[in-house]
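1. I'll drop the sequence and a predicted model, then ask my questions.
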2 protein chains.
Amino acid sequence: MTAGDRAAERRAHLIGAVLDLIDGGGIPAVSMRAVATAAGVSLAQVQYYFRSKDQLIVEAFRHICRDVEGRAAAVGFDGPARSVLRALIDLWLPVDERLSRDARVWLAFSAEATTRPSLMSFAAEVDEELREAFAQILRRASGSGELNPAADPVMAAAGLLAVIDGLVVQSLVLDESERAGFLSPRVEAHLDLLFPKAQRKPKRSKGT
Amino acid sequence: MTAGDRAAERRAHLIGAVLDLIDGGGIPAVSMRAVATAAGVSLAQVQYYFRSKDQLIVEAFRHICRDVEGRAAAVGFDGPARSVLRALIDLWLPVDERLSRDARVWLAFSAEATTRPSLMSFAAEVDEELREAFAQILRRASGSGELNPAADPVMAAAGLLAVIDGLVVQSLVLDESERAGFLSPRVEAHLDLLFPKAQRKPKRSKGT
(Lines give C-alpha, C1' and ligand atoms only; values in the text may rest on other atoms or scores of the structure.)
Protein backbone atom coordinates (compact mmCIF):
# COMPACT_ATOMS: atom_id res chain seq x y z
CA MET A 1 0.00 0.00 0.00
CA THR A 2 1.54 3.34 -1.05
CA ALA A 3 1.40 6.54 1.01
CA GLY A 4 -1.18 7.83 -1.49
CA ASP A 5 -3.37 4.77 -0.97
CA ARG A 6 -3.16 5.20 2.78
CA ALA A 7 -4.14 8.86 2.54
CA ALA A 8 -7.10 7.98 0.28
CA GLU A 9 -8.17 5.31 2.74
CA ARG A 10 -8.03 7.73 5.67
CA ARG A 11 -10.02 10.36 3.81
CA ALA A 12 -12.62 7.73 2.90
CA HIS A 13 -12.83 6.69 6.56
CA LEU A 14 -13.43 10.32 7.62
CA ILE A 15 -16.05 10.82 4.88
CA GLY A 16 -17.81 7.69 6.11
CA ALA A 17 -18.01 9.27 9.55
CA VAL A 18 -19.43 12.50 8.05
CA LEU A 19 -22.13 10.53 6.19
CA ASP A 20 -23.14 8.71 9.37
CA LEU A 21 -23.31 11.99 11.30
CA ILE A 22 -25.49 13.70 8.63
CA ASP A 23 -27.73 10.67 8.44
CA GLY A 24 -28.25 10.68 12.20
CA GLY A 25 -28.74 14.36 12.85
CA GLY A 26 -28.52 16.32 9.64
CA ILE A 27 -25.89 18.92 8.77
CA PRO A 28 -25.94 20.44 12.30
CA ALA A 29 -24.46 17.19 13.60
CA VAL A 30 -21.29 17.75 11.55
CA SER A 31 -18.31 19.53 13.08
CA MET A 32 -14.57 18.92 12.78
CA ARG A 33 -14.59 17.66 16.38
CA ALA A 34 -17.66 15.42 15.95
CA VAL A 35 -16.04 13.81 12.90
CA ALA A 36 -12.81 13.18 14.84
CA THR A 37 -14.78 11.53 17.64
CA ALA A 38 -16.96 9.47 15.28
CA ALA A 39 -13.95 8.33 13.27
CA GLY A 40 -11.82 7.62 16.36
CA VAL A 41 -9.00 9.94 15.30
CA SER A 42 -7.57 13.20 16.63
CA LEU A 43 -8.95 16.59 15.66
CA ALA A 44 -5.56 17.33 14.09
CA GLN A 45 -5.98 14.35 11.74
CA VAL A 46 -9.33 15.69 10.52
CA GLN A 47 -7.77 19.14 10.08
CA TYR A 48 -4.91 17.60 8.10
CA TYR A 49 -7.30 16.24 5.47
CA PHE A 50 -10.11 18.83 5.52
CA ARG A 51 -9.90 22.58 6.05
CA SER A 52 -13.42 23.31 7.24
CA LYS A 53 -16.87 22.00 8.02
CA ASP A 54 -17.99 23.23 4.57
CA GLN A 55 -15.30 21.14 2.92
CA LEU A 56 -16.34 18.06 4.90
CA ILE A 57 -19.92 18.51 3.74
CA VAL A 58 -18.97 19.11 0.11
CA GLU A 59 -16.71 16.05 0.11
CA ALA A 60 -19.41 13.87 1.67
CA PHE A 61 -21.87 14.94 -1.03
CA ARG A 62 -19.21 14.50 -3.73
CA HIS A 63 -18.60 10.97 -2.43
CA ILE A 64 -22.28 10.11 -2.90
CA CYS A 65 -22.27 11.62 -6.39
CA ARG A 66 -19.21 9.55 -7.39
CA ASP A 67 -20.83 6.47 -5.95
CA VAL A 68 -23.98 6.98 -8.04
CA GLU A 69 -21.82 7.77 -11.10
CA GLY A 70 -19.90 4.54 -10.58
CA ARG A 71 -23.11 2.51 -10.48
CA ALA A 72 -24.49 4.48 -13.45
CA ALA A 73 -21.47 3.44 -15.52
CA ALA A 74 -22.62 -0.16 -15.13
CA VAL A 75 -26.01 0.63 -16.71
CA GLY A 76 -26.13 -0.36 -20.39
CA PHE A 77 -26.88 2.83 -22.35
CA ASP A 78 -27.75 1.05 -25.59
CA GLY A 79 -31.28 -0.13 -24.96
CA PRO A 80 -34.51 1.83 -25.40
CA ALA A 81 -34.25 5.28 -23.77
CA ARG A 82 -37.11 4.55 -21.40
CA SER A 83 -35.43 1.46 -19.93
CA VAL A 84 -32.06 3.19 -19.70
CA LEU A 85 -33.62 6.10 -17.79
CA ARG A 86 -35.58 3.82 -15.50
CA ALA A 87 -32.40 1.90 -14.65
CA LEU A 88 -30.58 5.16 -13.88
CA ILE A 89 -33.46 6.47 -11.76
CA ASP A 90 -33.50 3.24 -9.76
CA LEU A 91 -29.94 3.96 -8.63
CA TRP A 92 -31.29 6.90 -6.69
CA LEU A 93 -34.75 6.11 -5.30
CA PRO A 94 -34.59 5.72 -1.49
CA VAL A 95 -36.06 2.24 -1.23
CA ASP A 96 -33.47 0.63 1.01
CA GLU A 97 -31.39 1.75 3.97
CA ARG A 98 -28.30 2.67 1.98
CA LEU A 99 -30.17 4.60 -0.73
CA SER A 100 -32.27 6.33 1.94
CA ARG A 101 -29.14 7.53 3.70
CA ASP A 102 -27.75 8.87 0.43
CA ALA A 103 -31.02 10.66 -0.34
CA ARG A 104 -31.18 12.17 3.15
CA VAL A 105 -27.62 13.42 2.77
CA TRP A 106 -28.51 14.90 -0.63
CA LEU A 107 -31.56 16.67 0.82
CA ALA A 108 -29.65 17.98 3.84
CA PHE A 109 -26.94 19.20 1.48
CA SER A 110 -29.48 20.86 -0.85
CA ALA A 111 -31.14 22.68 2.03
CA GLU A 112 -27.81 23.81 3.45
CA ALA A 113 -26.62 24.95 0.01
CA THR A 114 -29.42 27.53 -0.20
CA THR A 115 -27.83 29.57 2.58
CA ARG A 116 -24.11 28.85 2.01
CA PRO A 117 -22.60 30.31 -1.16
CA SER A 118 -19.62 27.95 -0.82
CA LEU A 119 -21.93 24.95 -1.32
CA MET A 120 -24.38 26.56 -3.73
CA SER A 121 -22.21 26.49 -6.84
CA PHE A 122 -21.27 22.83 -6.34
CA ALA A 123 -24.93 21.87 -5.92
CA ALA A 124 -25.88 23.83 -9.04
CA GLU A 125 -23.07 22.14 -11.02
CA VAL A 126 -24.19 18.64 -10.03
CA ASP A 127 -27.77 19.44 -11.06
CA GLU A 128 -26.58 20.81 -14.38
CA GLU A 129 -24.49 17.68 -15.07
CA LEU A 130 -27.46 15.44 -14.35
CA ARG A 131 -29.78 17.50 -16.56
CA GLU A 132 -27.19 17.32 -19.34
CA ALA A 133 -26.83 13.53 -18.98
CA PHE A 134 -30.63 13.13 -19.20
CA ALA A 135 -30.82 15.56 -22.12
CA GLN A 136 -28.27 13.50 -24.04
CA ILE A 137 -30.38 10.36 -23.65
CA LEU A 138 -33.56 12.26 -24.53
CA ARG A 139 -32.01 13.87 -27.63
CA ARG A 140 -31.15 10.41 -28.88
CA ALA A 141 -34.68 9.26 -28.03
CA SER A 142 -36.06 12.23 -29.92
CA GLY A 143 -33.98 11.29 -32.98
CA SER A 144 -35.16 7.70 -32.90
CA GLY A 145 -38.82 8.70 -32.48
CA GLU A 146 -39.11 7.24 -28.98
CA LEU A 147 -39.65 10.59 -27.22
CA ASN A 148 -43.07 12.26 -27.20
CA PRO A 149 -42.78 14.69 -30.14
CA ALA A 150 -44.36 17.40 -27.96
CA ALA A 151 -41.40 17.21 -25.58
CA ASP A 152 -38.22 19.22 -26.02
CA PRO A 153 -35.25 17.11 -24.83
CA VAL A 154 -33.68 19.88 -22.71
CA MET A 155 -36.94 20.84 -20.99
CA ALA A 156 -37.92 17.19 -20.58
CA ALA A 157 -34.53 16.45 -18.98
CA ALA A 158 -35.08 19.25 -16.45
CA GLY A 159 -38.63 18.01 -15.83
CA LEU A 160 -37.44 14.45 -15.31
CA LEU A 161 -34.76 15.46 -12.80
CA ALA A 162 -37.34 17.64 -11.03
CA VAL A 163 -39.86 14.79 -10.82
CA ILE A 164 -37.23 12.51 -9.33
CA ASP A 165 -35.98 15.11 -6.85
CA GLY A 166 -39.53 16.04 -5.84
CA LEU A 167 -40.64 12.43 -5.42
CA VAL A 168 -37.52 11.71 -3.35
CA VAL A 169 -38.26 14.70 -1.06
CA GLN A 170 -41.84 13.54 -0.61
CA SER A 171 -40.96 9.87 -0.12
CA LEU A 172 -38.43 10.63 2.61
CA VAL A 173 -41.23 11.71 4.95
CA LEU A 174 -43.07 8.44 4.32
CA ASP A 175 -42.32 5.20 6.08
CA GLU A 176 -39.47 3.35 4.34
CA SER A 177 -41.85 0.42 3.77
CA GLU A 178 -44.28 2.65 1.80
CA ARG A 179 -41.68 4.26 -0.44
CA ALA A 180 -41.29 1.75 -3.26
CA GLY A 181 -45.09 1.61 -3.64
CA PHE A 182 -45.25 5.40 -3.72
CA LEU A 183 -42.30 6.00 -6.04
CA SER A 184 -42.40 3.35 -8.73
CA PRO A 185 -45.88 3.95 -10.24
CA ARG A 186 -45.30 7.73 -10.19
CA VAL A 187 -41.97 7.41 -11.98
CA GLU A 188 -43.65 5.11 -14.53
CA ALA A 189 -46.53 7.57 -14.99
CA HIS A 190 -44.07 10.35 -15.78
CA LEU A 191 -42.17 8.12 -18.22
CA ASP A 192 -45.54 7.29 -19.85
CA LEU A 193 -45.93 11.00 -20.63
CA LEU A 194 -42.43 11.22 -22.10
CA PHE A 195 -42.64 7.93 -24.05
CA PRO A 196 -46.26 7.52 -25.07
CA LYS A 197 -45.54 4.82 -27.65
CA ALA A 198 -43.00 2.77 -25.74
CA GLN A 199 -44.40 -0.41 -24.30
CA ARG A 200 -43.91 -0.99 -20.63
CA LYS A 201 -42.26 -4.30 -19.87
CA PRO A 202 -44.26 -7.08 -21.55
CA LYS A 203 -47.11 -8.22 -19.28
CA ARG A 204 -45.63 -5.95 -16.64
CA SER A 205 -43.49 -8.73 -15.26
CA LYS A 206 -41.43 -7.78 -12.24
CA GLY A 207 -38.06 -8.48 -13.90
CA THR A 208 -35.99 -5.72 -15.50
CA MET B 1 -58.26 44.11 21.22
CA THR B 2 -59.27 41.00 23.14
CA ALA B 3 -56.88 38.82 25.12
CA GLY B 4 -57.21 36.23 22.34
CA ASP B 5 -56.21 38.78 19.69
CA ARG B 6 -53.20 39.81 21.75
CA ALA B 7 -52.12 36.19 22.17
CA ALA B 8 -52.51 35.57 18.42
CA GLU B 9 -50.48 38.69 17.71
CA ARG B 10 -47.69 37.60 20.06
CA ARG B 11 -47.58 34.12 18.56
CA ALA B 12 -47.39 35.65 15.07
CA HIS B 13 -44.53 37.89 16.21
CA LEU B 14 -42.61 34.88 17.53
CA ILE B 15 -43.29 32.87 14.35
CA GLY B 16 -41.94 35.80 12.34
CA ALA B 17 -38.73 35.60 14.35
CA VAL B 18 -38.50 31.83 13.69
CA LEU B 19 -38.91 32.39 9.94
CA ASP B 20 -36.15 35.01 9.92
CA LEU B 21 -33.84 32.70 11.86
CA ILE B 22 -34.44 29.74 9.52
CA ASP B 23 -33.97 31.97 6.51
CA GLY B 24 -30.64 33.23 7.82
CA GLY B 25 -29.11 30.01 9.09
CA GLY B 26 -31.43 27.09 8.52
CA ILE B 27 -33.04 24.95 11.20
CA PRO B 28 -29.86 24.88 13.34
CA ALA B 29 -30.30 28.61 13.93
CA VAL B 30 -33.59 27.98 15.76
CA SER B 31 -33.65 27.52 19.51
CA MET B 32 -36.08 28.73 22.17
CA ARG B 33 -33.41 31.18 23.35
CA ALA B 34 -32.51 32.45 19.85
CA VAL B 35 -36.19 33.11 19.15
CA ALA B 36 -36.54 35.05 22.41
CA THR B 37 -33.53 37.18 21.51
CA ALA B 38 -34.63 37.76 17.91
CA ALA B 39 -38.17 38.66 19.00
CA GLY B 40 -36.97 40.85 21.87
CA VAL B 41 -38.91 38.95 24.53
CA SER B 42 -37.97 36.77 27.49
CA LEU B 43 -37.31 33.05 27.19
CA ALA B 44 -40.30 32.50 29.48
CA GLN B 45 -42.57 34.26 26.97
CA VAL B 46 -41.45 31.91 24.19
CA GLN B 47 -41.96 28.94 26.52
CA TYR B 48 -45.45 30.21 27.36
CA TYR B 49 -46.53 29.97 23.70
CA PHE B 50 -44.42 27.06 22.42
CA ARG B 51 -43.36 23.91 24.20
CA SER B 52 -40.31 22.95 22.16
CA LYS B 53 -38.03 23.72 19.26
CA ASP B 54 -39.94 21.12 17.22
CA GLN B 55 -43.20 22.96 17.86
CA LEU B 56 -41.64 26.27 16.80
CA ILE B 57 -40.51 24.70 13.54
CA VAL B 58 -43.84 23.02 12.86
CA GLU B 59 -45.72 26.25 13.55
CA ALA B 60 -43.41 28.25 11.29
CA PHE B 61 -43.99 25.81 8.46
CA ARG B 62 -47.74 25.75 9.18
CA HIS B 63 -47.73 29.54 8.98
CA ILE B 64 -46.25 29.41 5.48
CA CYS B 65 -48.76 26.75 4.43
CA ARG B 66 -51.68 28.88 5.66
CA ASP B 67 -50.24 31.88 3.90
CA VAL B 68 -50.09 30.01 0.57
CA GLU B 69 -53.61 28.61 1.21
CA GLY B 70 -54.89 32.13 1.81
CA ARG B 71 -53.45 33.35 -1.48
CA ALA B 72 -54.69 30.19 -3.24
CA ALA B 73 -58.24 30.99 -2.12
CA ALA B 74 -58.03 34.18 -4.19
CA VAL B 75 -57.26 32.19 -7.36
CA GLY B 76 -60.37 31.70 -9.51
CA PHE B 77 -60.89 27.94 -9.83
CA ASP B 78 -63.39 28.18 -12.68
CA GLY B 79 -61.14 28.77 -15.68
CA PRO B 80 -59.35 26.13 -17.75
CA ALA B 81 -57.47 23.68 -15.53
CA ARG B 82 -54.12 24.62 -17.02
CA SER B 83 -54.50 28.30 -16.14
CA VAL B 84 -55.81 27.51 -12.67
CA LEU B 85 -52.82 25.24 -11.99
CA ARG B 86 -50.35 27.77 -13.35
CA ALA B 87 -51.82 30.47 -11.10
CA LEU B 88 -51.53 28.16 -8.08
CA ILE B 89 -47.97 27.17 -8.95
CA ASP B 90 -46.99 30.83 -9.25
CA LEU B 91 -47.89 31.33 -5.58
CA TRP B 92 -44.98 29.10 -4.71
CA LEU B 93 -42.11 29.62 -7.16
CA PRO B 94 -39.19 31.40 -5.42
CA VAL B 95 -38.86 34.35 -7.77
CA ASP B 96 -38.82 37.18 -5.22
CA GLU B 97 -37.35 37.65 -1.78
CA ARG B 98 -40.48 36.72 0.14
CA LEU B 99 -41.25 33.60 -1.90
CA SER B 100 -37.58 32.58 -1.74
CA ARG B 101 -37.65 32.79 2.04
CA ASP B 102 -40.78 30.65 2.15
CA ALA B 103 -39.23 28.08 -0.19
CA ARG B 104 -36.01 27.95 1.85
CA VAL B 105 -38.04 27.40 5.01
CA TRP B 106 -39.99 24.62 3.27
CA LEU B 107 -36.77 22.93 2.13
CA ALA B 108 -35.13 23.24 5.55
CA PHE B 109 -38.29 21.82 7.09
CA SER B 110 -38.42 18.94 4.59
CA ALA B 111 -34.80 18.00 5.24
CA GLU B 112 -35.28 18.19 9.01
CA ALA B 113 -38.48 16.13 8.80
CA THR B 114 -36.57 13.14 7.40
CA THR B 115 -34.79 12.64 10.72
CA ARG B 116 -37.46 13.82 13.20
CA PRO B 117 -40.57 11.64 13.49
CA SER B 118 -42.42 14.53 15.17
CA LEU B 119 -42.13 16.59 11.97
CA MET B 120 -42.41 13.75 9.48
CA SER B 121 -46.15 13.11 9.78
CA PHE B 122 -46.99 16.80 9.43
CA ALA B 123 -44.81 17.08 6.30
CA ALA B 124 -46.42 13.96 4.81
CA GLU B 125 -49.91 15.34 5.54
CA VAL B 126 -49.21 18.65 3.82
CA ASP B 127 -47.89 16.82 0.73
CA GLU B 128 -50.96 14.59 0.69
CA GLU B 129 -53.31 17.61 0.89
CA LEU B 130 -51.53 19.30 -1.99
CA ARG B 131 -51.64 16.16 -4.11
CA GLU B 132 -55.34 15.81 -3.37
CA ALA B 133 -56.01 19.45 -4.31
CA PHE B 134 -54.18 18.97 -7.62
CA ALA B 135 -55.94 15.65 -8.23
CA GLN B 136 -59.33 17.33 -7.80
CA ILE B 137 -58.48 19.89 -10.48
CA LEU B 138 -57.05 17.19 -12.74
CA ARG B 139 -60.08 14.91 -12.35
CA ARG B 140 -62.26 17.77 -13.49
CA ALA B 141 -59.86 18.40 -16.38
CA SER B 142 -60.03 14.72 -17.27
CA GLY B 143 -63.84 14.87 -17.34
CA SER B 144 -63.84 17.91 -19.59
CA GLY B 145 -61.28 16.42 -21.97
CA GLU B 146 -58.59 18.98 -21.12
CA LEU B 147 -56.20 16.47 -19.54
CA ASN B 148 -53.95 14.27 -21.68
CA PRO B 149 -55.98 11.04 -21.90
CA ALA B 150 -52.79 9.06 -21.19
CA ALA B 151 -52.54 10.74 -17.77
CA ASP B 152 -54.25 9.39 -14.66
CA PRO B 153 -55.36 12.33 -12.48
CA VAL B 154 -53.96 10.93 -9.23
CA MET B 155 -50.57 10.03 -10.73
CA ALA B 156 -50.44 13.29 -12.67
CA ALA B 157 -51.16 15.24 -9.46
CA ALA B 158 -48.25 13.52 -7.72
CA GLY B 159 -46.05 14.16 -10.74
CA LEU B 160 -47.00 17.82 -10.87
CA LEU B 161 -46.25 18.37 -7.17
CA ALA B 162 -42.96 16.52 -7.64
CA VAL B 163 -41.98 18.67 -10.63
CA ILE B 164 -42.68 21.82 -8.66
CA ASP B 165 -40.84 20.62 -5.56
CA GLY B 166 -37.88 19.43 -7.61
CA LEU B 167 -37.66 22.63 -9.64
CA VAL B 168 -37.84 24.68 -6.44
CA VAL B 169 -34.99 22.67 -4.86
CA GLN B 170 -32.88 23.16 -7.99
CA SER B 171 -33.72 26.85 -8.41
CA LEU B 172 -32.76 27.68 -4.82
CA VAL B 173 -29.12 26.98 -5.62
CA LEU B 174 -29.27 29.35 -8.60
CA ASP B 175 -28.90 33.10 -8.37
CA GLU B 176 -32.27 34.70 -7.55
CA SER B 177 -32.01 36.66 -10.80
CA GLU B 178 -31.81 33.43 -12.85
CA ARG B 179 -34.72 31.68 -11.19
CA ALA B 180 -37.72 33.00 -13.10
CA GLY B 181 -35.96 32.22 -16.40
CA PHE B 182 -35.17 28.71 -15.19
CA LEU B 183 -38.55 27.92 -13.65
CA SER B 184 -41.22 29.31 -15.93
CA PRO B 185 -40.38 27.50 -19.22
CA ARG B 186 -39.88 24.21 -17.34
CA VAL B 187 -43.23 24.51 -15.59
CA GLU B 188 -44.85 25.30 -18.96
CA ALA B 189 -43.12 22.33 -20.60
CA HIS B 190 -44.55 20.01 -17.96
CA LEU B 191 -48.04 21.53 -18.35
CA ASP B 192 -47.66 20.99 -22.14
CA LEU B 193 -47.32 17.27 -21.44
CA LEU B 194 -50.40 17.23 -19.21
CA PHE B 195 -52.53 19.44 -21.47
CA PRO B 196 -51.42 18.70 -25.02
CA LYS B 197 -54.45 20.32 -26.63
CA ALA B 198 -54.75 23.41 -24.47
CA GLN B 199 -53.45 26.54 -26.05
CA ARG B 200 -50.88 28.50 -24.15
CA LYS B 201 -51.90 32.09 -23.61
CA PRO B 202 -52.73 33.63 -27.01
CA LYS B 203 -49.60 34.99 -28.69
CA ARG B 204 -47.78 34.17 -25.46
CA SER B 205 -48.43 37.62 -24.10
CA LYS B 206 -46.88 38.24 -20.70
CA GLY B 207 -50.19 38.98 -18.98
CA THR B 208 -52.06 36.36 -17.00
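-> That came in fine, so what should we check first? Numbering: from 1, shown residues only, chains lettered A, B, ... in the order given.
2. quick one: contacts for A:Cys65?
-> A:Cys65 makes contacts with A:Val126, as judged by CB atoms under 8 Å, 6 or more residues apart in numbering or on different chains. No exception for glycine: its C-beta is placed from N, CA and C like everyone else's.
3. what values do phi and psi take at it?
-> Backbone torsions for A:Cys65, taken as degrees, to the nearest 10, come to phi -60, psi -50.
4. quick check: it vs A:Thr114, distance?
-> Taking CB to CB, to the nearest Å as the measure, A:Cys65 falls 18 Å from A:Thr114.
5. likewise A:Met120?
-> From A:Met120 over to A:Thr114 the distance is 7 Å, taken as CB to CB.
6. go on, A:Asp102?
-> A:Asp102 is 20 Å from A:Thr114, where distance means CB to CB.
7. could you do A:Ala133 as well?
-> Counting by CB to CB - A:Ala133 and A:Thr114 are separated by 23 Å.
8. what about these two, which has more around it?
-> Higher neighbour count among A:Ala133 and A:Thr114: A:Thr114, with 23 against 16, using other CB atoms under 10 Å in any protein chain shown.
9. next, that one: phi, psi?
-> According to degrees, to the nearest 10, A:Thr114 has phi -70, psi -20.
10. OK, contacts around the residue nearest to it when sequence neighbours are not counted?
-> Leaving out its chain neighbours, the residue that sits closest to A:Thr114 by CB to CB, 6 or more residues apart in numbering or on different chains is B:Leu172, at 4.3 Å. The contact partners of B:Leu172, by CB under 8 Å, 6+ apart, come to A:Ser110, A:Ala113, A:Thr114, B:Pro94, B:Ser100, B:Ala103, B:Arg104, B:Leu107.
11. check contacts around A:Gly16.
-> Contact analysis of A:Gly16 by CB under 8 Å, 6+ apart lists A:Ala39.
12. and stretch A:153-167 with chain B, contact?
-> Yes: on the criterion CB under 8 Å from any CB of the partner chain, stretch A:153-167 is in touch with chain B at A:Met155, A:Ala156, A:Ala158, A:Gly159, A:Leu161, A:Ala162, A:Val163, A:Ile164, A:Asp165, A:Gly166, A:Leu167.
13. which parts of the longest helix along chain A are buried?
-> If you go by DSSP state H, chain A has its longest helix at helix A:117-143. For helix A:117-143, a neighbour-count test (16 or more other CB atoms under 10 Å in any protein chain shown) marks A:119-120, A:122-124, A:126-127, A:130-131, A:133-135, A:137-139, A:141-142 as buried.
14. now do stretch A:53-65
-> So stretch A:53-65, judged by 16+ other CB under 10 Å, has buried residues A:Lys53, A:Asp54, A:Leu56, A:Ile57, A:Val58, A:Glu59, A:Ala60, A:Phe61, A:His63, A:Ile64, A:Cys65.
15. hmm, back to that, now go through the contacts of B:Leu172 and say which are in helices.
-> Of the contacts of B:Leu172, the ones assigned to helices by DSSP H are A:Ser110, A:Ala113, B:Ser100, B:Ala103, B:Arg104, B:Leu107.
16. residues near the nearest residue to the fourth one once chain neighbours are set aside, how many?
-> Excluding its sequence neighbours, the residue lying closest to B:Ala103 (CB to CB, 6+ apart) is B:Pro94, at 3.9 Å. By other CB under 10 Å, the residues close to B:Pro94 number 24.
17. find me the pLDDT at B:Pro94, would you?
-> B:Pro94 carries a pLDDT value of 95.
18. kindly report the same for A:Ala17.
-> For A:Ala17, the predicted pLDDT is 96.
19. now what about stretch A:173-186, what contacts it?
-> A:93-97, A:100, A:163, A:167-168, A:170-171, B:110, B:113-114, B:120-121, B:123-124, B:127, B:155, B:158-159, B:162.
20. just stretch A:140-155 next, same as before
-> Taking CB under 8 Å, 6+ apart as the rule, stretch A:140-155 contacts A:80-82, A:131, A:135, A:138-139, A:156, A:193-198, B:185-186, B:189, B:192-193, B:196.
21. buried among those residues? Need that as a selection in PyMOL.
-> Of the contacts of stretch A:140-155, the buried ones go into a single PyMOL selection, burial set by 16+ other CB under 10 Å:
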select buried, (chain A and resi 81+82+131+135+138+139+156+193+194+195+196+198) or (chain B and resi 186+189+192+193+196)
